[in-house]
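Undergrad: sequence? don't have it. structure:
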């Protein structure tokens, strides 16, 4: 066993706030050894980032370490002076933040920012620093490092920026890198590149990594050991294999079951953990998880659980903080009830509810001066020639990387963005440019971030009653209140919430309110724009379950826009894959997940990290960057990144969508050739 | 009753708002009950007692006509606060509506309105006010009109920028998707979220307006003598600055005190009006 590098010994951290003292971290002990990758997982607000920041001596002004020691190479950094801490951060510990856009200073070139640290801390010359920075960029396979060094942060893509932050962190040859959700802001295709780079770095250097995340797929790919943190306390720790195969703490088990994954059984609802994270200001005396635990006993809520060592197969210490560790739990969920109006079967020949034909949405950028000088406007081809249809009661999932135009597509259907060309037919009627109250009643939208989609100044009563009043559904005051209560019941929120303001609710609860508002008018078509992306893993499943229940009750059709393929697979009957404003593949969920694949779909599917050890599939790394939608490539838009052999037509002719059994592919390759492709996932995963 | 208690308990947690609101209410009380507080008639001439030093009889001494300085300063509160508050309210309402509409509509309407505001702003404020006053003639109402016109563009800019922050929030899109009319979105969805900087701007403006009004009076274009007005007092005391320097100090102190009070209140309101703070009470 390698010697410990970072030891966190019985550390408690609290924050002073207006409402009281927040116990962010409570008596956590863990250690990161030389050369290992330690993954710290937990929900948002569980204190995992606070702990990691404290390990670097960073705490906001109102935070303080109440007890315990943080030892780095045997020295207690809580006693370090400012200058010592500066040296620690500059030389020995690197940091990679969640958002690469805000981590780099936009005023300086990449090169200057890379060299700054080593020039200051190692007192080396500029020339030498430049040499080292260049060597580092080459080592992590950044194309054309010389020109990258001279560029400003806004001139490179998000994925590249995150690779640069790795280079920055590695440049001083640190012993430890702390990574705070470094891939959360990235697309899956960029994420996989980043993870590959990390694996490579680890095989070359002996750097230890403290990786903070909530993504179990990444944990399964990278981690040596895993620590699970809940409400500021470590609840379980063990080797990756033990944690995935034999988790002992009820919380860890719940977390493992609530992950929506490709391999999830689609016949059953996803498991979602009941309850909420406790209030960290007034914590219960016993185990913090007791109120949400299905096997809690009296002792759980009165006494703090002591550590238990569980023998593990691989000999790595497996620690659990639970009175009832190892109690068998049931995570069985109800079967998904089949929808009557579902696409397929006897309804196959019914009329589509919504049909989109050759829809185009171009954004023109022209300023007053441009018009005066008669410049040609710069055009962004957000949605370019998209056609599909949706049956009553059906869910069509739309997937694609960020910036591919999937959200614009949703907005164009709702007429929130005026379509440039093409038609949208609703029940056979052209609604492309029509604005009417009855349409607003039939077509609704649920947004990604409930923080932004609910007016912070309005109470839930105002939010829920407004659509009822506007569309004349409620007849009088008493009726209005009754209907608001019914809406809260519908999304399983307590009736006492009616007069609360949005900020008094948790993220998942807010999203429920947004859903209730959309369903207040009984719409027959709802656009769900990344509805689960801003939520914690443990509540995502419950939101998807709710959407499914509502769909069955109201016969609603969904356009489910998401970049999360697992969520899309769970809820959708059909999936459309979008790349740079165009659809490249449309088909039933089973068709899209099996060959024939569009080369892009295959790359997208293979980039997913699954919570399985080892990963059951090989990933395809896409070369190059996504081209700008303002200047898309000629011919097939995917050709610049396509890994299959290309013919001349690829760069000259836009491929048409070819349909077979309702499965459409837009590729110049022969159908038979695509069909001969190897499946990404083993068949056992998709049943 | 409980409402007053909530207001009080909120104020106590924000020191600058607390001090600011106490000072402002003090000023308002003084302005309301000015004739009762003033020990002498501010207009009564007393040639025998010119330039009297501060005494028990005349706390701040007397001016060049022997008028009681303290009474003049007290009565001056009325004109100054009257101008300050009315201009701020006019600017907040007019400028706020112009800015919100312009920001929400965007495109050509926005460009047209904002360019018009830019033209107004291009004139130095005091010169523009002088121009308006020399056209309209000098009176209290005209002073209010003149300063309001110079102040509206700035408030409109503040309102527009705060509107632009809110305009792209998803609840605005949700309202559009629901089929709401423009006026509803503007007044019910947008305004409550954009009003905070406007209110803060208005409260800080009060001090600034009093300064401008005083400058105009000092130049002889604002309120006319013998009305007790701080700017006017400074204007006439200027001639005697060596004989009786204190005459100029009192109105300056009054102006500074008022400006600071409203600035404190504005600073405090900025913190309190945060929606998350409102909910905590």
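TA: Cool, got the structure. The model shown is predicted, which means the values in this text are computed figures rather than measured ones. Numbering: from 1, shown residues only, chains lettered A, B, ... in the order given.
Undergrad: Check whether the closest residue to chain A within the stretch 1-150 of chain B sits in a helix, strand or coil.
TA: In the stretch 1-150 of chain B, the residue found nearest to chain A is residue B:111; the distance is 6.0 Å by CB to the nearest CB. C-beta coordinates here come from the backbone N, C-alpha and C atoms, glycine included. Using DSSP: H, G, I helix; E, B strand; the rest coil, the structure places residue B:111 in helix.
Undergrad: how near is the most centrally placed residue in chain A to residue A:552?
TA: By CA atoms, centre = their mean, chain A has its centre lying nearest to residue A:533, at 5.1 Å. Distance, residue A:533 to residue A:552, by CB to CB, to the nearest Å: 24 Å.
Undergrad: same deal with residue A:352?
TA: 20 Å.
Undergrad: list the buried ones in the biggest helix by length in chain B?
TA: With secondary structure taken from DSSP state H, chain B has its longest helix at helix B:69-105. Buried residues in helix B:69-105, counted by 16 or more other CB atoms under 10 Å in any protein chain shown: B:69-81, B:83-88, B:90-92, B:94-105.
Undergrad: Also stretch A:485-497?
TA: Applying 16+ other CB under 10 Å to stretch A:485-497 flags A:487-488, A:490-491, A:493, A:497 as buried.
Undergrad: How far away from the center of its chain is it?
TA: Here the centre of stretch A:485-497 is set off from its chain's centre by 28 Å, with CA atoms, centre = their mean, to the nearest Å.
Undergrad: Stretch B:7-16 now?
TA: That offset, for stretch B:7-16, works out to 22 Å (CA atoms, centre = their mean).
Undergrad: close to chain A, is that stretch?
TA: Yes - using CB under 8 Å from any CB of the partner chain, stretch B:7-16 comes into contact with chain A via residue B:13.
Undergrad: So what touches that stretch?
TA: A:18, B:17-18, B:21, B:264-265, B:267-268, B:271-272, B:281 (CB atoms under 8 Å, 6 or more residues apart in numbering or on different chains).
Undergrad: residues of that stretch that come out buried?
TA: B:10-11, B:14, B:16.
Undergrad: One more: stretch B:254-265?
TA: B:254-255, B:258-259, B:261-265.
Undergrad: How about residue A:378, nearest residue that isn't a chain neighbour?
TA: Once flanking residues are discounted, residue A:378 sits nearest to residue A:365: 4.5 Å by CB to CB, 6 or more residues apart in numbering or on different chains.
Undergrad: again with residue A:87
TA: residue A:121 (6.8 Å).
Undergrad: Who are the contact partners of the one you found?
TA: A:87, A:90-91, A:172.
Undergrad: where's it, which helix or strand?
TA: Remark: residue A:121 resides in helix A:110-122, with elements defined by DSSP states H and E.
Undergrad: Centre of the chain to that helix, how far?
TA: 32 Å.
Undergrad: Give me the domain ranges for chain A.
TA: A:225-239+A:246-257+A:268-335, A:340-576, A:595-686 (automatic domain parsing).
Undergrad: Endpoint to endpoint, the shortest one covers what distance?
TA: Taking CA to CA, to the nearest Å, the first and last residues of domain A:595-686 lie 12 Å apart.
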